[in-house]
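> generate a structure from the sequence data that follows.
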Amino acid sequence: MLSIRQLGVSFTQYDQGLNQRQLTVITDLDLEVQAGEVVAVVGASGSGKSLLAHAVLGILPDNAQVTGSLRFKGQPLTPARCAQLRGQDIALIPQSVGYLDPLMKVGPQVRRVAQLGGLSKAAAQTAVGRTFNRYDLLPSTQGRYPFQISGGMARRVLVATAVVSQADLVIADEPTPGLHPEIATETLTHLRELADEGRGVMVITHDIEAALQIADRVAVFYAGTTVEIAAAADFPERLRHPYTQALWRSLPQNDFIPVPGHQPSPDQLPTGCLFSDRCPWFTPDCAAERPALRSVRGGLVRCIHAD
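As a prediction, the model looks like this:
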């Protein structure tokens, strides 16, 4: 359904005076989302997760340049096609509640999305009422503006917006922060149900264990690139990349061992492996060139030492 090959995203910035520079924040990023599956995208802050979602939706700022291949259902995602598909065939559950229109009541906002998906006015009203009830939002919530509801309620409204759409691809950018644990679990379960109905679902999250509850595959990002794509069943024993292994061990419920060092800045990326200065497997060959994404034990990994 969604195919991304060697995606690059850079931004033109002014340095001093009128001098411009190019800041590359995503490079050689690869990912696929099939119909009927949930792909979780995990990684540290600044690894390019949300930028990927914005690139797919065509909502990057004007100073952004995109290279590589982005295809949806086999056809290129051109800017014009992104605008046509956005909110209809491709739906976003954004990370920030600021995406809600502050001048419009939340009920009409969600109903408008349902109608854009092809539902009649009456059917849209029914779908909104049913979805709001599912996420413990009282009927009176529909008549309130975003500033009149709590942050957790606003996030549930965003989830409801994507759920009532008829989108074939749903991108959920950190859909559970601020939700009660039971509602968070139910939200993830519903995303799984959407995939079981034949939709493609991409879940961007910091919570690896939550993602593993519903994901078929997990894509691990580091410094703007894909370092590993593994089946959910591969966690933790069959992981291939040293960063993925270290990320898993850093969780409080696991060994709680922090990954030493820092993710490289986009304007100071090393020539070779992006993880080389923090990697326990480092050899001089790692610094020679950027490793390619290759198949190892049924998964994909960007490491010359993985076997």
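> please make it C-alpha for all contacts and neighbour counts, starting now.
OK.
> now His262. Nearest residue, chain neighbours left out?
Leaving aside its chain neighbours, His262 sits nearest to Arg278 (7.7 Å; criterion: Cα to Cα, 6 or more residues apart in numbering).
> can you give me the neighbour number for Asp62?
Neighbour count for Asp62, taken as other Cα atoms under 10 Å: 8.
> then Pro76?
Using other Cα under 10 Å, Pro76 has 14 other residues around it.
> quick one: it and Leu70 touch, right?
Yes: counting by Cα atoms under 8 Å, Leu70 is a contact partner of Pro76 at 5.8 Å.
> pLDDT at the residue nearest to His262, what is it?
Looking at Arg278, its pLDDT reads 95.
> from Gly48, how far off is the residue most central in space within the chain?
For the chain, the residue nearest the mean C-alpha position is Ile204 (3.1 Å; Cα atoms, centre = their mean). With distances taken as Cα to Cα, to the nearest Å, Ile204 is found 10 Å from Gly48.
> put the alpha carbons of stretch 197-207 into PDB.
What follows is stretch 197-207, C-alpha atoms only, in PDB (Å, rounded to 0.1, in the frame of the first residue of the first chain):
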ATOM      1  CA  GLU A 197     -10.300  -4.800   8.100                       C
ATOM      2  CA  GLY A 198      -7.700  -4.400   5.400                       C
ATOM      3  CA  ARG A 199      -6.300  -1.000   6.000                       C
ATOM      4  CA  GLY A 200      -2.700  -0.200   6.400                       C
ATOM      5  CA  VAL A 201      -1.700   1.300   9.700                       C
ATOM      6  CA  MET A 202       1.600   3.100  10.600                       C
ATOM      7  CA  VAL A 203       2.000   3.800  14.400                       C
ATOM      8  CA  ILE A 204       4.800   6.200  15.300                       C
ATOM      9  CA  THR A 205       5.600   5.900  19.000                       C
ATOM     10  CA  HIS A 206       8.300   5.900  21.700                       C
ATOM     11  CA  ASP A 207       6.600   3.100  23.500                       C
END
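> Ala127: what's it in contact with?
Residues in contact with Ala127 (Cα atoms under 8 Å, 6 or more residues apart in numbering) are 114, 164.
> what's the domain layout of the chain?
Per automatic domain parsing, the domain ranges recorded for the chain read 2-89+168-301, 99-166.
> centre of the chain versus the shortest one, how much separation?
This points to domain 99-166. Distance of domain 99-166 from its chain centroid, counting by Cα atoms, centre = their mean, to the nearest Å, is 22 Å.
> endpoint to endpoint, it covers what distance?
Note: domain 99-166 ends 19 Å apart using Cα to Cα.
> quick one on the thing from earlier: pretty sure the residue nearest to His262 contacts Pro264?
No: if you go by Cα under 8 Å, Arg278 and Pro264 don't touch, sitting 9.9 Å apart.
> which residues touch the longest helix seen in the chain?
If you go by DSSP state H, the chain has its longest helix at helix 181-196. When contacts are defined by Cα under 8 Å, 6+ apart, helix 181-196 is touched by residues 35-38, 135, 159, 175-177, 200-201, 214-215.
> mind listing what the helix or strand following it pairs with, with the direction of each?
Using DSSP states H and E, the helix or strand that follows helix 181-196 towards the C-terminus is strand 200-204. If you go by DSSP bridges, strand 200-204 pairs up with strand 38-42 (parallel), strand 169-173 (parallel).
> helices or strands up against the next helix or strand after the first one?
Next in sequence after strand 38-42, counting helices and strands by DSSP H and E, comes helix 49-57. When contacts are defined as 3 or more Cα pairs under 8 Å, 6 or more residues apart in numbering; DSSP states H and E, helix 49-57 packs onto helix 79-85, strand 169-173.
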